[in-house]
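[1] coords below, sequence missing:
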């Protein structure tokens, strides 16, 4: 019987397979369970995260008592309870660590991704291409999800299509002309919070001068040694919500076609006795509790929208609590959505600013979602996606490449389908990752230093970690651990040289060869010299053609996750929308794609919370990239230095 | 027997969610909102028939935070039950001599301390109307057609609104049936606005009585194949899943009869599909369990929260083509 034979061969393929799962979060828990039930018996799993309370609503292998422990390890133990005889090898580590190299990847028959960020996805994609191991990739947001299959030479790779980059905003929208709540959040978080509590050496676009001494270099944010804290908090309030708005109003041109903002001073927002009374109930606060302005002001419901007066109280109280209770951290804080006091401060500041600009106010719950790029995540979608991953993985193991499908999980049916399979694309001939197509870089070779090209292009846009750069046969730069001292010195010199003055000059028409041995990725960059760049539109002073990323100077409203060089570290916008855009030479039926697209347009324009989901990330909160330590809090702080 | 889980902290004093609930459910409240979460925490779900597919569903709604979940399945656990079931540890000293509902309950209570999970002893085919009033949602799996029709009719007779679902996995294929009777809900329009909608569902009896020739050409072949199998099992007095490949000739003869009677071309129910369904027996393919249990979980959440377009009224999944398809099977024309 044909049906029986097929079943037997799947079973054998599954039993013999050695698989690597990357990610033990929302999708990962479901995936590990379904793999184990399906008969997989040699599963390796990498995840650097530890378990948090907000994971428990869907990451069903974890319990309250596991909070703080390694996801990979706890997931293994949980699955062994119902499948004790299989091998699960957990790694509490970052998939970008150098020990997970091409040779490591080569031992697997298939790699299954349940990741939450673009950077790690790109890295795994490159290693899978280099190791020639098939990759099944996935992602979910709310009720939407997708599974795709990437097999070298047969289907497109994960990077064949440009990825949407996190929504970001022009600086002037944030500093002067906000029109949405999210702009106020970005201002409160990336400018005000960073200015008050973050690294003092970081550049910041806030106006720090007051009218008394606009000529002097005094920074109004400096608190003098003997300044009363209450007075300081009110001074900051009046400066950022009052004076700075007045300064902005002076620029008549800006407001010609815009609604003018109202300056807000503390005396207007709060009656004087209320200012005095602010935070008096703090005495009742439990010393062991983390300091919270909501608690000391007796505000309980995080779903409720506070009035301007309440927001003003929270603002003053939160600011004071930082100075009183957490003074040691000041100067090194990074906004973290799990830091209650930070969320309170940012919510209040964003709402006061929103009041100024006539933008509707939001609750702390909503503000936290926007500020933390919190992903909408439910168990059901993850379970469905995990099921679809296993179905594709089995096809891959059996080599049924005619049957590979990309499957979209939809919220609204398209052509009666809630689960819509689509034939995979062929590899893109112009993909710099899986084909050898060069990219073109327009740059002023006489003024641009090699360092800038490495940071702004090779690392952040091409996503390389440890690049090696050749001009013709001359090695001009190399990154890595086992370099000789004279090499290091030589490369350090080169970094500071402009392109045209390198030992092998880089001029119009020169081709750079860039290589990352860890990713086994090699790429050619054709240089095109250009004298002038538009400061506003092309602030990098260079343009990478064929690479579609943000080129404007922008403040990206990222979560707390980012630390190292900005744009390379952006969290992934949900992958769902990306693959659906029509493109030439594709194999799938257009009408299917167009119908499906409607589903995703709905996602792109959500009705809720001032478009927090403009930056939706996949499953999750968490930080796959930069943490190397056991304790996530520790590493967050470390990154600041 | 009560499986424990004290239902701690369900709803704050003024019906607000507690801080504990807000923290635990944070990510999903961002999907369906606070009101939906409150409705979930007040809903009561009955599941009859514990298998790999229904435990996926149970896991999903316990995580989502329903008020209570009752499990009904007196069958003693056997080794066969372990295949697609992650709630039963493969240790006879734990499951030996105990019912499927008891063992599954014991594992499920740990998934969410805020949900009350318990066991209801008894035979689904004898469930009476009054008993059903305890529930807002009734899910039936691997039940005979007779039992399905009986419970569906009983749900419809109650004055209380009780949503009725069946869910069955046959290895690589699956079917979900939905009867929400009259269902009002908020529909999200493209662009973000919302609109109140009302749907009227046919009963299972009505939905399977519609003449096949009335159905659209593109109706899923699984719809027909499942009806043939169900009809065969009913007339032969077989339990679901007991029919095997050795019955192929009799089942194909039944296919011919039914197709002739209802003027459907027999090729609309391919022999290979009938063979796959028979070969499946009671076997469940774990990825298909996850997919069906996920879809049903979402449907039940939509139904309780009165938010989002619910499936009306059949859902099919088949690994062979990878499609997850909704079929709207109308009641037979009145005459």
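    That came through, no problem. All of these numbers come straight from a predicted model, not from anything done at the bench.

[2] make it CA atoms for all contacts and neighbour counts henceforth
    Noted.

[3] so how far is the longest helix seen in chain B off the chain centroid?
    The single longest helix within chain B, with elements called by DSSP state H, is helix B:19-41. With C-alpha atoms, centre = their mean, to the nearest Å as the basis, helix B:19-41 stands 23 Å off its chain's centre.

[4] next one: stretch A:189-207
    On C-alpha atoms, centre = their mean, the centre of stretch A:189-207 falls 20 Å from the chain's centre.

[5] and residue A:196, that's in a helix?
    Yes - per DSSP: H, G, I helix; E, B strand; the rest coil, residue A:196 lies within a helix segment.

[6] doesn't residue A:219 make contact with it?
    No - the pair residue A:196 / residue A:219 is not scored as a contact, 11.2 Å apart, by C-alpha atoms under 8 Å.

[7] tell me which of those two has more neighbours.
    With neighbours defined as other C-alpha atoms under 10 Å in any protein chain shown, residue A:196 and residue A:219 compare such that residue A:196 has more, 18 against 13.

[8] what sits against the more buried one?
    When contacts are counted by C-alpha atoms under 8 Å, 6 or more residues apart in numbering or on different chains, residue A:196 is found next to A:221, A:330-331.

[9] now do it, the pLDDT please.
    pLDDT, residue A:196: 92.

[10] repeat for residue B:4
    38.

[11] same check, this time on the one 5 residues further on
    The pLDDT attached to residue B:9 in the predicted structure is 37.

[12] how close does residue A:44 sit to chain B?
    According to C-alpha to the nearest C-alpha, to the nearest Å, residue A:44 stands 19 Å off from chain B.

[13] do a quick rundown of the strands in the stretch 151-300 of chain B.
    With DSSP state E, counting those that start in this stretch as the criterion, the stretch 151-300 of chain B has strands at B:163-170, B:173-179, B:182-188, B:194-200.

[14] tell me the contacts of residue A:204?
    Here residue A:204 is in contact with A:191, A:195 (C-alpha under 8 Å, 6+ apart).

[15] hmm, back to that, could I get the contacts of residue A:196 as JSON lines with pLDDT, neighbour count and distance to residue A:477?
    Listed next are the contacts of residue A:196 as JSON lines, based on pLDDT from 0 to 100; neighbours: other C-alpha atoms under 10 Å in any protein chain shown; distance: C-alpha to C-alpha, whole Å:
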{"residue": "A:221", "pLDDT": "86", "neighbour count": "18", "distance to residue A:477": "41"}
{"residue": "A:330", "pLDDT": "91", "neighbour count": "16", "distance to residue A:477": "38"}
{"residue": "A:331", "pLDDT": "89", "neighbour count": "16", "distance to residue A:477": "34"}
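
[16] tell me the one of those residues nearest residue A:152?
    Lowest distance from residue A:152 to the contacts of residue A:196 (C-alpha to C-alpha) belongs to residue A:331, with 47.4 Å.

[17] surely that closest one and residue A:193 touch.
    No - between residue A:331 and residue A:193 there is no contact under C-alpha under 8 Å: 10.4 Å.

[18] report the angle between the helix or strand that the longest helix of chain B is followed by and strand B:163-170.
    Helices and strands here follow DSSP states H and E; after helix B:19-41, the next one along the chain is strand B:44-48. Using axes from the mean of the first three to the mean of the last three C-alpha atoms, to 10 degrees, the direction of strand B:44-48 lies 40 degrees away from that of strand B:163-170.

[19] ok, residue 316 - how many residues close by?
    No chain specified, so I'll use chain A. For residue A:316, the neighbour count with other C-alpha under 10 Å is 27.

[20] look at chain B instead
    Neighbours of residue B:316 (other C-alpha under 10 Å): 24.
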